[in-house]
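Participant: the sequence isn't on hand, but the structure is:
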């Protein structure tokens, strides 16, 4: 297992690409969960994520903030990743997730809702991060 690392500026185009890919699958398979993580030890967090995520999962990383795209994963799968990180660090990990199509029927709605969830739970402006 090894999560792939992409540049922050590619986050929005990547989400558009992934939703396009998911629309080609059978309806019961269509899920993408995007996750926001804020980790106090970003270097060890990156190594942990790279070693524990699937090769199909993508990591966008800047300082102590990680955005993770997990195709074919539901919210429970994302929450499992956060709990494993908490066990690894022995402390609370700030996490927020949104799943397509439940949290938005298209990429714009998904990203808008995801940004609102992050702002209300963590006080971070997603769109300021990904420009």
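Facilitator: On my side now, so go ahead. What you are looking at is a predicted structure, and each value in this text was computed from that prediction instead of being measured.
Participant: helices of the chain, start to end?
Facilitator: Counting by DSSP state H, the chain has these helices, from start to end: 11-22, 42-52, 75-89, 107-122, 126-129.
Participant: which one of these lies nearest to residue 65?
Facilitator: Among these, helix 126-129 comes nearest to residue 65, with 6.4 Å by CB to CB. Just so you know, the C-beta spots here come from the backbone N, C-alpha and C atoms, and that holds for glycine as well.
Participant: other SSEs contacting the closest one?
Facilitator: On a contact count with 3 or more CB pairs under 8 Å, 6 or more residues apart in numbering; DSSP states H and E, helix 126-129 meets helix 107-122.
Participant: residues making contact with the helix it packs on?
Facilitator: With contact meaning CB atoms under 8 Å, 6 or more residues apart in numbering, helix 107-122 is reached by 12, 15-16, 19, 34, 36, 38, 94, 96-98, 100-101, 103-104, 124-127.
Participant: pull out the buried residues from the helix-or-strand element of the chain with minimal mean pLDDT.
Facilitator: With mean pLDDT, DSSP states H and E as the measure, the helix or strand of the chain carrying the lowest mean pLDDT is strand 4-6 (a mean of 77). If you call a residue buried by 16 or more other CB atoms under 10 Å, then strand 4-6 has these buried ones: residue 6.
Participant: which strands and helices sit next to it?
Facilitator: Counting contacts by 3+ CB pairs under 8 Å, 6+ apart, the secondary-structure elements packed against strand 4-6 are strand 58-62.
Participant: can I get the helices of the chain in CSV with mean neighbour count?
Facilitator: Formatted as CSV, the entries for the helices of the chain read as follows, by neighbours: other CB atoms under 10 Å:
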stretch, mean neighbour count
helix 11-22, 16
helix 42-52, 15
helix 75-89, 15
helix 107-122, 17
helix 126-129, 14
